[in-house]
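J.: only geometry, no sequence info:
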Ligand code: HEM
């Protein structure tokens, strides 16, 4: 047994937590420089192995996948996700839920024109709401968020909301706050006793209240979507109905050893919202931020759309292969923004030999995607925003295996196909219709992000 090195003294109780300084992702990358691609951190009572760099991460996620199907037994999985739904399940139950979600998203049109149509409607709506704000400085993040959330509402409940509807405004507030609280309450994962500190210093009570309200809202929407399900009925028009149909089928077949139940329905629906709205919204907002910061890139994007699509009709998915600079711009936006800098935490379910070290059963394993997307050896100048890095000399798009904002392997992002369509349709529509300028001439908004569980642009306003 040969454990990977550690960054320094592990104190009793705290372990290495006292060594974290400033932005945690920067700290993790600094330790990588010092210790190499694999190192061990004692995070309170938990032993955690950090994996960095493409070679090591791909070996872990592609070759040792079966030994990494566990989730750590911590506060987030217990109280936020209730050990249910794709994000929190382990082993065989995860496989069942994951396969179901993947197949259902595909049946509902992920990657096909019916889904593109749904997203197109939201993109048109977005253009109209931004257009109405013309003439005043506007923060577009909520406008984008409503449209992205409506895509997931359509997929899960066949439902959409108007921009002014209070339910969606509250809902977006919940999801946004949840992401912030997952960061600020993270210490409770290591020291559950912090929950009981007076004054809610680690936001435990607020988090519980938000989770409670989100679950109640989803339950209400789900109930409304229920119809009399007949297990022989193959037709369904959304995720909830597909889930209920499958539940009924299992029941009629007498299958009891299954995770297709009400608890997993509720949690998987929540997972779709939690994983599929902030991520896409933040990426679209980052794209606008980068266009404002690099007007020459914005102009080049517009010229390409004008040449390939024109201005009389909206860009369609079938235009994508010809919109090479736009595709490279979206890839560079995702690389530069890194909205999910770390993969979801995993637990080793058996010993793994990796990079010359042993990861023992029961150890938490974290994958540092940021380390790959900013690796100097891979990108040369990772701190420079340069879409051309994804183009060959002849202008064709260059696939780069180290580009992995959705992670890789069997537990990668299940919504990648949907997110990719959304990013193309929303961003191409915005480029075609508007020229984005800073709120005050000559003062571009900062590209420095807010970093928590995910990364978001700091609030900024645009002028058109
Ligand atoms: C730009 C947008 C998005 C990015 C960058 C992103 C990124 C990621 C990443 C990095 C993971 C963790 C993978 C790992 O731990 O190895 C993940 C997991 C996941 N994502 Fe996404 N995601 C995005 C959009 C979406 C969308 C639109 C959906 C839903 C339709 C979605 C649903 C999920 C789910 C359910 C998981 C958990 C998968 C599992 O544990 O099996 N994501 N995503």
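T.: That came through fine. Only a predicted model underlies this, so the values are computations on that prediction, with no experimental measurement involved.
J.: C-alpha only now, for contacts and for neighbours.
T.: Will do.
J.: can you give me the strands in the stretch 1-150 of the chain?
T.: 38-43, 46-51 (DSSP state E, counting those that start in this stretch).
J.: can you tell me which of these comes nearest to the ligand?
T.: strand 46-51 (11.8 Å; Cα to the nearest ligand atom).
J.: Cross-check the contact I'm expecting between residue 302 and residue 430.
T.: No. Residue 302 is beyond contact range of residue 430, at 9.6 Å (criterion: Cα atoms under 8 Å).
J.: before we move on, back to that, now the strands of the stretch 1-150 of the chain in JSON lines, with mean neighbour count and mean pLDDT?
T.: Compiled in JSON lines, those are given as follows (neighbours: other Cα atoms under 10 Å; pLDDT from 0 to 100):
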{"stretch": "strand 38-43", "mean neighbour count": "21", "mean pLDDT": "96"}
{"stretch": "strand 46-51", "mean neighbour count": "22", "mean pLDDT": "94"}
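J.: Tabulate those strands (CSV), appending distance to residue 461.
T.: As requested, the strands of the stretch 1-150 of the chain are exported to CSV (distance: least, Cα to Cα, whole Å):
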stretch, distance to residue 461
strand 38-43, 39
strand 46-51, 37
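J.: closest to residue 180 out of these?
T.: Nearest of the strands of the stretch 1-150 of the chain to residue 180, taken as Cα to Cα: strand 38-43 at 20.3 Å.
J.: Which of the three states applies to residue 315?
T.: Using DSSP: H, G, I helix; E, B strand; the rest coil, the structure places residue 315 in coil.
J.: related to what we said a few turns ago, of the strands of the stretch 1-150 of the chain, which is nearest residue 259?
T.: With Cα to Cα as the measure, strand 46-51 is the member of these nearest residue 259 (28.0 Å).
J.: Direction included, what does the closest one pair against?
T.: strand 38-43 (antiparallel), strand 364-367 (parallel) (DSSP bridges).
J.: Reformat those strands as TSV; add distance to the ligand.
T.: As requested, the strands paired with strand 46-51 are exported to TSV (distance: least, Cα to the nearest ligand atom, whole Å):
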stretch	distance to the ligand
strand 38-43	17
strand 364-367	7
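J.: can you confirm residue 459 is in a helix?
T.: No. Looking at residue 459 with three-state DSSP, it is coil, so not inside a helix.
J.: Phi first, then psi, for it.
T.: phi -50, psi 140 (degrees, to the nearest 10).
J.: which ones are touching the closest residue to it other than its chain neighbours?
T.: In space, and not counting its chain neighbours, residue 459 is closest to residue 139: 7.1 Å by Cα to Cα, 6 or more residues apart in numbering. Counting by Cα atoms under 8 Å, 6 or more residues apart in numbering, residue 139 touches 459-462.
J.: I'd like to know which of the residues you listed are buried.
T.: 460-462 (16 or more other Cα atoms under 10 Å).
J.: can you narrow the residues you listed to ones near the ligand?
T.: Near the ligand, taking Cα under 6 Å from any ligand atom as the test, no member of those is found.
J.: Show me which of these is closest to the ligand.
T.: Nearest member of those to the ligand, counting by Cα to the nearest ligand atom, is residue 460, at 19.8 Å.
J.: So what does the closest residue to that closest one other than its chain neighbours look like in phi/psi?
T.: Among residues not flanking residue 460 along the chain, residue 139 sits closest, at 5.8 Å (Cα to Cα, 6+ apart). Per-residue torsions, residue 139: phi -90, psi 110 (degrees, to the nearest 10).
J.: What parts of this protein come near the ligand?
T.: Checking the chain against the ligand by Cα under 6 Å from any ligand atom, the hits are 86-87, 98, 271-272, 275-276, 279-280, 283, 339-340, 343-344, 405-407, 411-416, 418-419.
J.: Strands along the stretch 251-400 of the chain, start to end?
T.: Using DSSP E, counting those that start in this stretch, strands in the stretch 251-400 of the chain cover 346-347, 352-354, 357-359, 364-367.
J.: any idea which helix is longest in this protein?
T.: helix 204-225 (DSSP state H).
J.: Mean confidence (pLDDT) on that helix, please.
T.: The pLDDT scores in helix 204-225 average 84.
J.: Can you name every helix or strand that that helix contacts?
T.: helix 141-157, helix 166-184, helix 239-252, helix 262-276 (3 or more Cα pairs under 8 Å, 6 or more residues apart in numbering; DSSP states H and E).
J.: sorry, back to before: out of the strands of the stretch 1-150 of the chain, which gets nearest to residue 173?
T.: Comparing the strands of the stretch 1-150 of the chain by Cα to Cα, strand 38-43 comes nearest, at 30.4 Å.
J.: centre of the chain versus the closest one, how much separation?
T.: 24 Å (Cα atoms, centre = their mean, to the nearest Å).
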